[in-house]
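Participant: After the sequence you'll find the predicted model.
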Amino acid sequence: MPSDWNPSEHQKEGPISRSYELVHEEIERLQNELNCPDEFIYDFLEAIRDHYSPTSSFARIRHKKKSI
């Protein structure tokens, strides 16, 4: 995360908290539906995290779109 950005308390209590709950609920639903182990969920979330890595090709595309 860029060192010059930090979420405000309002952002933490609002959209960040809400998004966390939505993701958590969806992951629980997925795990219950598939009856998969925690290790699968961990790897699944890691793949999503990697999509947002500053060095990923997806991040470079997002950065280019923002600069246009």
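Facilitator: In hand now; what should we look at? Numbers count the residues shown, from 1 in each chain.
Participant: From what I see, residue 27 and residue 38 are in contact.
Facilitator: No - counting by Cβ atoms under 8 Å, residue 27 does not reach residue 38; the two are 10.2 Å apart. From N, CA and C alone the C-beta is placed, and that goes for glycine too.
Participant: Looking at the two, which is more packed in?
Facilitator: Remark: of residue 27 and residue 38, residue 27 carries more neighbours, 14 against 8, as counted by other Cβ atoms under 10 Å.
Participant: Spit out the contact partners of the residue lying closest to residue 38 once chain neighbours are set aside.
Facilitator: With Cβ to Cβ, 6 or more residues apart in numbering as the criterion, residue 38 has its nearest non-adjacent residue at 7.8 Å, and that residue is residue 31. Residues in contact with residue 31 (Cβ atoms under 8 Å, 6 or more residues apart in numbering) are 38, 40-41.
Participant: Report the secondary structure element holding the residue most central in space within the chain.
Facilitator: In the chain, the residue lying closest to the centroid (Cα atoms, centre = their mean) is residue 49, at 5.7 Å. Using DSSP states H and E, residue 49 maps to helix 38-51.
Participant: Give me the contacts around that helix.
Facilitator: With contact meaning Cβ under 8 Å, 6+ apart, helix 38-51 is reached by 27, 30-31, 34, 56, 58.
Participant: Let me see the ranges of the helices in the protein.
Facilitator: 9-11, 17-34, 38-51, 57-67 (DSSP state H).
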